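In: How does the following fold in three dimensions:
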Amino acid sequence: MKQSIHAKRMARTAKRNKMASKLNLVSLMDIFTILVFFLLVNSSDVEVLQSNQEIQLPESVAEQRPENNLIVIISNESILVGGRKVAETGIVKRSKNTEINGLKEELKYLASRKPYLNEEEAKKGRNVTIMGDKDIGYDLLKKVMTTCAKSEYRNISLAVSQVPNDVTVENLRAREG
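Out: Numbers count the residues shown, from 1 in each chain. Purely as a prediction, here's the structure:
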């Protein structure tokens, strides 16, 4: 029995529609390779320290990049080490001691968990970054730095907000005042 032309066309269309479509992985891999190169080229070298809404860092024309150190945060309410509250700022300001006991205990504990690797590192001391609000007083900052130094954290860095190099000291003072 002969099929009509219409029947033959319908059979071909049905046969064509039954075939499974194939995914072309070569094109997909090309797209992902281009995407990876694009992201690598356009990634920036910006390092961000812990952000804290309570702290407004002083501005500076700092050239040196921050290292990944232990961070001590000094806000108007409290002193934090690695996100843990160790002392109240108000109590520390009123205290006559040159060291902060809660901070000292926490630093000693952290130092005991990570021993020195060699003699040179022991001479240099451990690394710490202090993030202090720009409105804290020098006496409080001095107490924190003294406590850090006596707890084997002698390599002290102060965190600041970096401003462009073309900003002068007079412009910075005008911004603050």
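In: And Asn155, how close does it get to Ala11?
Out: Distance from Asn155 to Ala11, counting by C-beta to C-beta, to the nearest Å: 82 Å. C-beta: built from backbone N, CA, C; applies to glycine.
In: quick one, which of the two is more surrounded?
Out: Neighbours per residue, other C-beta atoms under 10 Å: of Asn155 and Ala11, the larger number sits with Asn155, 16 against 11.
In: My guess is that one contacts Lys123. True?
Out: No - using C-beta atoms under 8 Å, Asn155 is not in contact with Lys123; the gap is 10.6 Å.
In: Quick check: closest non-adjacent residue to Met145.
Out: Leaving aside its chain neighbours, Met145 sits nearest to Ile156 (5.9 Å; criterion: C-beta to C-beta, 6 or more residues apart in numbering).
In: Please, where are all the helices along this structure?
Out: Listed in chain order, the helices of the chain (DSSP state H) span 5-18, 25-42, 89-94, 101-113, 119-124, 138-150, 169-176.
In: could I get the first one in PDB with only the CA atoms?
Out: Output for helix 5-18, consisting of C-alpha atoms alone and laid out as PDB, is shown next (Å, rounded to 0.1, in the frame of the first residue of the first chain):
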ATOM      1  CA  ILE A   5       2.700  12.600   0.100                       C
ATOM      2  CA  HIS A   6       1.000  14.200   3.100                       C
ATOM      3  CA  ALA A   7       1.400  11.000   5.100                       C
ATOM      4  CA  LYS A   8       5.100  10.700   4.200                       C
ATOM      5  CA  ARG A   9       5.700  14.300   5.300                       C
ATOM      6  CA  MET A  10       3.900  13.700   8.600                       C
ATOM      7  CA  ALA A  11       6.000  10.600   9.200                       C
ATOM      8  CA  ARG A  12       9.200  12.400   8.500                       C
ATOM      9  CA  THR A  13       8.200  15.300  10.900                       C
ATOM     10  CA  ALA A  14       7.300  12.800  13.600                       C
ATOM     11  CA  LYS A  15      10.600  11.000  13.200                       C
ATOM     12  CA  ARG A  16      12.500  14.300  13.300                       C
ATOM     13  CA  ASN A  17      10.700  15.400  16.500                       C
ATOM     14  CA  LYS A  18      11.500  12.000  18.300                       C
END
